[in-house]
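*Asks:* Sequence first, then the predicted structure, then my questions.
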Amino acid sequence: MKTRRAFTMIEVIVATMITTVVGGSVAALVQGFVSAMALQNQRSEAIVRSAGMQSHLGLLLLKSRMSLALAPQRVLLWLPAETLAQSGSGSDSAFDRIDLASDELHWLEFVQEADSTWSLIEWTVKADMAAGETTVFSVDGEFWDSLFVELQDAGKLRRSPLAFGLAAPESATGSTPKPRFVWQTSDCCQNRSVGAEFGFIASDAGEVLRSDVRIESALAFFDRHPICSEDEP
Amino acid sequence: MARLGVEQDGDIRSPTPKQSDSRRGPSSELDNFLKFFVPNNTEYVAFRAFSFASLIIAIHPLYMEKVPEPVEKMAMPARRAMTLIECMVALVIVVASASMMAMVVQGGLSAQEDALSLTLAGTAAESRITEYLATPYETISAGTTNEAVGQIKTPTDESFSRAYANMGRQTVVTASALTVPDFPGLSIAGYLIDVTVFDQWQGQTRKLVALQRFRPRTIEETELAP
């Protein structure tokens, strides 16, 4: 049997250096791939969710007659179930009635989850509403907030998540603590647009990847409820 | 040359073998039997050689098992080390493969970044359109509004987030009338709103999104007009 020659010190050093360089390069490459994949996922989600939310918000506002309540984390849209031809006879007409049992009220709300991320939820009234409590009139935001809490406590609201994993947008002037709704004017009888500002975040090796989005749509067929005129002096 | 079935020294098909043949023993009987099929001498010799070779080939594996190879041949051959050229070629292949993978991933990232930019640009353009759709008709005026890169504003005159920081916007409002081909004589007054969102890419202005929307003068606005 032949005697095997041992490595010299130079050979070991050179081999160690080559191994270190190659190993470091491979590790950097793998790390780069992982970061790239995380960034790709985050951007993909931002693109898809933004497009979906823009589409859904646009459809809701296209059907909306007006916004009934506007708050940074919750807005209420009124989508009449009747046609415009049924309007014109004052607040007693079917078109002017805000019917809880006909899926006319849609609340959009930013809700903070247990993991501190935000979700955009759409609340609608369940169809099993009693007939005697279906017609309401008001332009008072507090009234609609009270009605929301009342219906929610009674389990009469249907919860439809529109987006998960949202975050507060990071505006150029500073960080906003929460995602929020935006509008043209806080006067519901004049407001003709509703939008939302939110962010998508993803963490990768301690680095936070962020994409902030602002979506906005106009109420294409804005029409003031007669109660607005009644409140005017 | 003998013909098939006929031999020069006699008829082999005779059931009684010759005396000389009987002295040969069983082998001769086999030969005669074989000669029945291969009567020619030359062919018969060739047939016997072929049969012997076939037998050797048939028992060859047994023969090989019974005669083991020398110890030197059964030992594992010595493993040859890789040469420097082989190592370098392998390294080049590894580096080239890694580079190609990196380029593919980078290409995907760039494409997705562009897609996200286009999505955000679309929302910025839609925001501008929304502003005009929500504005009372009487307050709209024709003209061009340019917002430089990083200076675009929301309808409430707020700044967009950092994601829009490298975008600019141009809005062109033109007084126009909408005609419907199926309704001759019908003309709806309004404004044509063109919104273009762009950014700076490699020192040049790159158009990201262009939206066009018609803002009609509604019946209510017509009736309320002085």
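*Replies:* Received the coordinates, thanks.

*Asks:* tell me which parts of chain B are close to chain A?
*Replies:* B:91, B:94, B:98, B:101-102, B:105-106, B:108-109, B:112-113, B:115-116, B:119-120, B:122-124, B:126-127, B:129-131, B:133-134, B:154-156, B:158-165 (C-beta under 8 Å from any C-beta of the partner chain). (Each C-beta comes from the backbone N, C-alpha and C, glycine too.)

*Asks:* List buried residues within those residues.
*Replies:* B:98, B:105, B:109, B:112, B:116, B:119-120, B:122-124, B:126-127, B:129-131, B:133-134, B:154-155, B:160-164 (16 or more other C-beta atoms under 10 Å in any protein chain shown).

*Asks:* among these, which are in helices?
*Replies:* Secondary structure assignment by DSSP state H places B:98, B:105, B:109, B:112, B:116, B:119-120, B:122-124, B:126-127, B:129-131, B:133-134 of those in helices.

*Asks:* Nearest to the middle of chain A, which residue? Look it up for me.
*Replies:* In chain A, the residue lying closest to the centroid (C-alpha atoms, centre = their mean) is A:L120, at 3.9 Å.

*Asks:* The strand or helix carrying B:G168 pairs with which strands, and in what direction?
*Replies:* Assigning secondary structure by DSSP states H and E places B:G168 in strand B:167-179. In the sheet, strand B:167-179 lines up against strand B:143-147 (antiparallel), strand B:187-201 (antiparallel) (DSSP bridges).

*Asks:* for A:D153, what are its contacts?
*Replies:* Not one residue lies near A:D153 by C-beta atoms under 8 Å, 6 or more residues apart in numbering or on different chains.

*Asks:* Can you report phi and psi for it?
*Replies:* The phi/psi pair for A:D153 (degrees, to the nearest 10) reads phi -60, psi -30.

*Asks:* Same check on the one 10 residues further on?
*Replies:* Dihedral angles of A:A163 (phi, psi; degrees, to the nearest 10) stand at phi -160, psi 140.

*Asks:* contacting residues for it?
*Replies:* If you count contacts by C-beta under 8 Å, 6+ apart, A:A163 has them with A:R49, A:G52, A:M53, A:S119, A:L120, A:F198.

*Asks:* Find the helix or strand that the first one is a member of.
*Replies:* So that's A:R49. Judged by DSSP H and E, A:R49 forms part of helix A:9-63.

*Asks:* Check which helices and strands that helix sits against.
*Replies:* strand A:105-112, strand A:157-167, strand A:193-204, strand A:207-218, helix B:84-134 (3 or more C-beta pairs under 8 Å, 6 or more residues apart in numbering or on different chains; DSSP states H and E).

*Asks:* could you redo the last one with a cut-off of 7 Å?
*Replies:* Under the contact definition 3 or more C-beta pairs under 7 Å, 6 or more residues apart in numbering or on different chains; DSSP states H and E, helix A:9-63 sits against strand A:157-167, strand A:193-204, strand A:207-218, helix B:84-134.

*Asks:* The second one: how far from the chain's middle?
*Replies:* Read it as strand A:193-204. In terms of C-alpha atoms, centre = their mean, to the nearest Å, the centre of strand A:193-204 is set 7 Å apart from its chain centre.

*Asks:* hmm, back to that, contacts made by the strand holding B:G168 with the rest, please.
*Replies:* Counting contacts by C-beta atoms under 7 Å, 6 or more residues apart in numbering or on different chains, the residues outside strand B:167-179 that touch it are B:121, B:124, B:128, B:140, B:142-149, B:152, B:186-199, B:214, B:216.

*Asks:* Now with 6 Å, please.
*Replies:* B:128, B:142-149, B:152, B:187-189, B:191-199, B:214 (C-beta atoms under 6 Å, 6 or more residues apart in numbering or on different chains).

*Asks:* and the angle for it with helix B:84-134?
*Replies:* 50 degrees (axes from the mean of the first three to the mean of the last three C-alpha atoms, to 10 degrees).

*Asks:* average pLDDT across strand B:167-179?
*Replies:* The pLDDT scores in strand B:167-179 average 92.

*Asks:* And that strand, what's buried?
*Replies:* The neighbour-count check on strand B:167-179 (16+ other C-beta under 10 Å) flags B:M167, B:G168, B:R169, B:Q170, B:T171, B:V173, B:S176 as buried.

*Asks:* Now the fifth one: closest residue in space, sequence neighbours ignored.
*Replies:* The reference is to B:T171. B:T145 (4.4 Å; C-beta to C-beta, 6 or more residues apart in numbering or on different chains).

*Asks:* for chain B, what are the nearby residues on chain A?
*Replies:* A:29, A:36, A:40, A:43, A:46-47, A:50, A:169-172, A:184, A:192-193, A:211-212, A:214-218 (C-beta under 6 Å from any C-beta of the partner chain).

*Asks:* shaky segments in chain A?
*Replies:* Low-confidence segments of chain A (pLDDT under 70): A:1-2, A:84-94, A:129-134, A:171-176, A:203-207, A:230-233.

*Asks:* Recalculate using a threshold of 80.
*Replies:* A:1-5, A:42, A:82-97, A:101, A:127-141, A:170-177, A:201-210, A:224-227, A:229-233 (pLDDT under 80).

*Asks:* Quick one: neighbours of B:Q212, just the number.
*Replies:* 12 (other C-beta atoms under 10 Å in any protein chain shown).

*Asks:* Tell me the helix or strand right after the helix or strand in which it is found.
*Replies:* Secondary structure from DSSP H and E places B:Q212 in strand B:204-216. Sequence-wise, the next helix or strand downstream of strand B:204-216 (DSSP H and E) is helix B:219-224.

*Asks:* Residues touching that following helix, excluding its own?
*Replies:* Against helix B:219-224 from outside (C-beta under 6 Å, 6+ apart): B:Y137.

*Asks:* Mind doing that once more with 10 Å?
*Replies:* Contacts to helix B:219-224, defined as C-beta atoms under 10 Å, 6 or more residues apart in numbering or on different chains, come from residues A:F222, A:D223, A:R224, B:P136, B:Y137, B:E138, B:I188, B:A189, B:G190, B:P216, B:T218.

*Asks:* Could you do stretch A:48-57 as well?
*Replies:* Around stretch A:48-57, the neighbours that count as contacts under C-beta under 10 Å, 6+ apart are A:77, A:108, A:120, A:122, A:160, A:162-166, A:181, A:194-196, A:198, A:200, A:211, A:213-217, B:116, B:119-120, B:122-123, B:126.
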